[in-house]
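Asks: Pasting the sequence and the predicted model now:
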Amino acid sequence: MVNSLARFIIFTSQYIILMKLTLPELPLVSMVLMIFILFFVQAALPTLDIFDFSVRSFVASNLYSYITTQEIAVMAIVSCIWFVNLILPAIFGSIFFLRLIFR
């Protein structure tokens, strides 16, 4: 439970920081509520890893269309968080794993 709460806080803070840097005009309460809804929808939708990026961007752009017209900025934020939290660790893990195998 502690790990889940820590992960939730880290992901939420990442979204808040990037949203405030990219879209400072968004009200904080609306933004945080949309982040919570985004997490719920992402968890409820079954997706393949190949389509995960497009589903996240589509859901985020549709949700945030209620509070902003900056769809590209929202997609860029979601893409950045997806890349930092999923792709970079996968690349570093693959490099580490391949070094262990070929020693």
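Replies: Noted; the coordinates are in hand.

Asks: got a list of what the closest residue to residue 76 other than its chain neighbours touches?
Replies: Counting by C-beta to C-beta, 6 or more residues apart in numbering, residue 76 lies nearest to residue 22, which is 7.2 Å off, once chain neighbours are set aside. Placement of C-beta: from N, CA and C, glycine included. Contact analysis of residue 22 by C-beta atoms under 8 Å, 6 or more residues apart in numbering lists 70, 73, 76-77.

Asks: Return the distance of residue 18 relative to residue 24.
Replies: Distance, residue 18 to residue 24, by C-beta to C-beta, to the nearest Å: 11 Å.

Asks: most residues in a single helix of this protein, which one?
Replies: With secondary structure taken from DSSP state H, the chain has its longest helix at helix 2-22.

Asks: could I have that helix exported to PDB, CA atoms only?
Replies: What follows is the C-alpha trace of helix 2-22 in PDB, where atoms were taken according to Å, rounded to 0.1, in the frame of the first residue of the first chain:
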ATOM      1  CA  VAL A   2       2.800   2.400   0.800                       C
ATOM      2  CA  ASN A   3       4.400   1.700  -2.600                       C
ATOM      3  CA  SER A   4       1.200   2.400  -4.400                       C
ATOM      4  CA  LEU A   5       0.700   5.600  -2.500                       C
ATOM      5  CA  ALA A   6       4.300   6.700  -3.300                       C
ATOM      6  CA  ARG A   7       3.800   5.900  -7.000                       C
ATOM      7  CA  PHE A   8       0.500   7.800  -7.100                       C
ATOM      8  CA  ILE A   9       2.100  10.900  -5.400                       C
ATOM      9  CA  ILE A  10       5.100  10.800  -7.700                       C
ATOM     10  CA  PHE A  11       3.100  10.500 -10.900                       C
ATOM     11  CA  THR A  12       0.600  13.200  -9.700                       C
ATOM     12  CA  SER A  13       3.500  15.600  -8.900                       C
ATOM     13  CA  GLN A  14       5.100  15.000 -12.200                       C
ATOM     14  CA  TYR A  15       1.900  15.900 -14.000                       C
ATOM     15  CA  ILE A  16       1.300  19.000 -11.800                       C
ATOM     16  CA  ILE A  17       4.900  20.300 -12.300                       C
ATOM     17  CA  LEU A  18       4.800  19.800 -16.100                       C
ATOM     18  CA  MET A  19       1.200  21.200 -16.400                       C
ATOM     19  CA  LYS A  20       2.200  24.300 -14.300                       C
ATOM     20  CA  LEU A  21       5.300  24.800 -16.400                       C
ATOM     21  CA  THR A  22       3.600  24.300 -19.800                       C
END
